[in-house]
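Q: how would this look folded up:
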Amino acid sequence: MQTMKSDSKSKKSGKGAASAAIVPVAATPKTQEQTPAETTATQDSGAEVQASVARTAPAKPEEPLVQLLDLNKIVNSDYNPRKDFREETLLELSESIRQSGVLQPICVRPKDEGFEIVYGERRYWAAAMAGLTYIPALVRDLTDAEAEDAAITENLQREDVKPREEAAAYNKAIQSGRHTIESLVGKFGKSEAYIRSRLKLCGLIDALAEQLDKEEISVGVATEIAKYPAEVQQQVFEEHFAEGCYSSWKNARVKEIARRLYERYMTKLESYNFDKTECLSCQHNTANQVLFRDECSGDCAGCQNRECMIRKNEEFLVQKALKLLKDDPRTTLAMTEDTPVAVLEALEKEGYHVEELKYYLSYYDKAPQMPEESQADDYESEEDFVEARQEYEAEMADFAEKTQQLEFNISEGRIRKYAVIRSLDIEFRYEAIDDEEREVAVDDGQGGHTVHITIVPPSPLEGLLQRDRRNREICYEHITADMKRLFLDVKVANKPLQKEEQQMFYYAVMQRVMSDSKLRQCGFRPKEGSYLTAEEQFAAAGRITAKQQAALIRAFLVDYFRSAAPEYGCTDETLLTGMMCRFADLNFAEQSKAVQQQYLETYEKRKARLQEQIDALHAKAEAEEMAVSMQETPDFEPEELPDLLPDETPDAAPPSF
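A: Numbering: from 1, shown residues only. Next up is the predicted model:
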């Protein structure tokens, strides 16, 4: 078909006005390109059109007249919704035109020096294949918008339009901004569900679209699959519609396929625990969509806006985790393999610690389960109910005892309480912490010996303080490591040395170069080798300038800090770490500030979060002490003895013999 299109365009002369292509209907000329039979068909067609016009009432001035136009003066448009003209059907139409002529005129509009097809492109190509030179046409002055609407309307009303062509036409009409789904419903007399289902076909993946065009799957099946994202469509195609697939759905009924798709791929809102008030009226809720009216009933509503659903779920998990931590500061937040990454990042960003569990979740204990209260309606006799009630009360007493013991063990550090963040909710799990046995060497002056000591688990408060100390170490470990990398690229300055730098230098020399014996001496002699001899070094040292001396000392300090400063277990109170940071502040202030600020901000956030829990534990302990002191206060005050008057002094006890 592309060949015919280019051949037709190659015949255009491009000369004369648009009216030059118009030939009176009754005077269709015979050309050399037509056979006698074709000429007769053309003339018959022209006579038929003329007779038809004569039988009608006088046309209004704005109504177009049927005219015979030169095919070479007509070009096709690019907004025709029908793009796929099958060769066999065109041949059939071409043969019909050879026999009977073009019975229904096409519609064109003036363009440049010729005409552009508004609708009737298929008849245009068939007439060209039949060898005709002229074709009856309605010439209308239309804007681009009017021409597009006319093409869509005329072509969609035909019976042989393909589903995807129809979908593309509806989609183009909506994208133009001149139509909505509601206006298309009124324009074409189709239901809203019908138009929405056709529009879904625009998102059909190529593999399924090809099967639909070849009628290997029905439009109903294609529509049901097109309701889902492309990745779901691809999986459905590979598993159920591809050649040689394991489980074919090609013979399944449309309703059955719709049910299978919804059960397997639609995420149910009831599975999530966040507040769904906004979801009740959301357009992405399948309960509010006509396309899922058959599949969705009761509580099976799903969400098609996956990004919004995931965001709401992540916000719910973050807020619930913070609330649980606030309600009980003894709680440790924990993650599993299905914890959403975004939730972990949000908590870590605010300084909250989320611990990775050491074992599978099933290895951790659950809290005691409260027994279900007995109901009188569930028992046939009063005696059975009384007996069940007694069993319930015994179970409740056991539950209360176990719960109280659990709370005590948590407070003592014997049991650790975890709030485990899962994919959809947070659940509590518990881990028993055993005493730790260690061997410690004791020096008794006689060779020493080993003793075994028992280390009891830290209390929740001590655990938080230990974590704060470790966070502080982590902060300065990162600073130390990044400072060492910074020292790889920095250039030492030759500005005058400061007193702190000299002190750092001489300390570094004593620690790195000189032993105790050499410190007592006034110099040292290097071994022979490829380096400067002692005489050369001595001579060079005698000529060294102040700038060279400063640069040499700083270079030495840089090398020293790179190799000597610890990266583990250090804090701001660690001597070498503090020296290194101060040296960097003096010489590379901007880079040093960036390195330290990056980790200090994280540490301060974490410290603030831990302090919240520490303060809460202190407040809880004070409240418990207050409650205990109130219980120990006697309910009455002792009666005060009356003051004795001077003359009421008790007699002294009689002497004993």
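Q: In the protein, which helix is the longest?
A: Secondary structure of the chain per DSSP state H: the longest helix is helix 589-632.
Q: Distance check, Glu604 against Ala616.
A: To Ala616, Glu604 is 19 Å away according to C-beta to C-beta, to the nearest Å. Yep, even glycine has a C-beta here, placed from its N, CA and C like the rest.
Q: thinking again about what came up before, which helices and strands sit right next to the longest helix of the chain?
A: helix 306-327, helix 460-489, helix 575-587 (3 or more C-beta pairs under 8 Å, 6 or more residues apart in numbering; DSSP states H and E).
Q: Neighbours of Gln405, how many?
A: The number of residues packed near Gln405 is 13, by other C-beta atoms under 10 Å.
Q: What residues sit buried inside the helix or strand hosting it?
A: Assigned by DSSP states H and E, Gln405 falls within helix 382-412. Neighbour-count burial for helix 382-412 flags Phe385, Ala388, Glu395, Leu406, Asn409, Ile410, Ser411 (criterion: 16 or more other C-beta atoms under 10 Å).
Q: among those residues, which two are most distant?
A: Distances among the buried residues of helix 382-412 were taken as C-beta to C-beta; the most separated pair is Phe385 and Ser411, at 38.5 Å.
Q: can you map out the helices along the stretch 101-250 of the chain?
A: Using DSSP state H, counting those that start in this stretch, the helices of the stretch 101-250 of the chain run over 121-129, 144-156, 163-175, 181-188, 192-200, 206-213, 219-226, 230-240.
Q: possible to save those as TSV with mean neighbour count and distance to Glu337?
A: Formatted as TSV, the helices of the stretch 101-250 of the chain follow (neighbours: other C-beta atoms under 10 Å; distance: least, C-beta to C-beta, whole Å):
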stretch	mean neighbour count	distance to Glu337
helix 121-129	22	59
helix 144-156	18	52
helix 163-175	20	42
helix 181-188	15	44
helix 192-200	19	36
helix 206-213	17	34
helix 219-226	22	32
helix 230-240	16	22
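Q: Kindly report which one of those carries the lowest mean pLDDT.
A: Note on the helices of the stretch 101-250 of the chain: lowest mean pLDDT is at helix 144-156, with a mean of 75.
Q: If you compare the directions of that helix and helix 192-200, what angle comes out?
A: Helix 144-156 and helix 192-200 are oriented at 100 degrees to each other (axes from the mean of the first three to the mean of the last three C-alpha atoms, to 10 degrees).
Q: Isn't Leu610 up against Arg469?
A: No. Leu610 is beyond contact range of Arg469, at 10.2 Å (criterion: C-beta atoms under 8 Å).
Q: Those two: who's more crowded?
A: Taking other C-beta under 10 Å, Leu610 and Arg469 do not tie; Leu610 has more neighbours (20 against 11).
Q: if I pick the more buried one, what's in contact with it?
A: By C-beta atoms under 8 Å, 6 or more residues apart in numbering, the residues touching Leu610 are His353, Leu464, Arg467, Asp468, Asn471.
Q: Please report how far the last one lies from Leu424.
A: The gap separating Asn471 from Leu424 is 30 Å, by C-beta to C-beta.
Q: the more surrounded of the two?
A: The neighbour count for Asn471 versus Leu424, taken as other C-beta under 10 Å, is higher for Asn471 (19 against 14).
Q: Let me see the contact set for the more buried one.
A: Counting by C-beta under 8 Å, 6+ apart, Asn471 touches His353, Tyr603, Arg606, Lys607, Leu610.
Q: my read: the third one touches Val354, true?
A: No. The pair formed by Arg606 and Val354 falls short of the contact definition of C-beta under 8 Å, at 11.3 Å.
Q: so how many other residues sit close to the residue lying closest to Leu357 once chain neighbours are set aside?
A: For Leu357, ignoring the flanking residues on the chain, the nearest one in space by C-beta to C-beta, 6 or more residues apart in numbering is Ala334 at 5.3 Å. Using other C-beta under 10 Å, Ala334 is surrounded by 25 other residues.
Q: I figured Ala334 hits Glu356, correct?
A: Yes. If you go by C-beta under 8 Å, Ala334 and Glu356 touch, sitting 7.2 Å apart.
Q: and for the two, which residues touch both?
A: By C-beta under 8 Å, 6+ apart, no residue touches both Ala334 and Glu356.
Q: where in the protein is pLDDT low?
A: In the predicted model of the chain, residues 1-63, 79-86, 155, 157-160, 293-300, 443-448, 510-544, 632-657 satisfy pLDDT under 70.
Q: Quick check: the gap between the residue positioned nearest the centre of it and Leu424.
A: What sits nearest the mean C-alpha location of the chain, by C-alpha atoms, centre = their mean, is Glu307, with 6.2 Å. Separation of Glu307 from Leu424 (C-beta to C-beta): 17 Å.
Q: same check, this time on Ser100
A: Going from Ser100 to Leu424 by C-beta to C-beta gives 69 Å.
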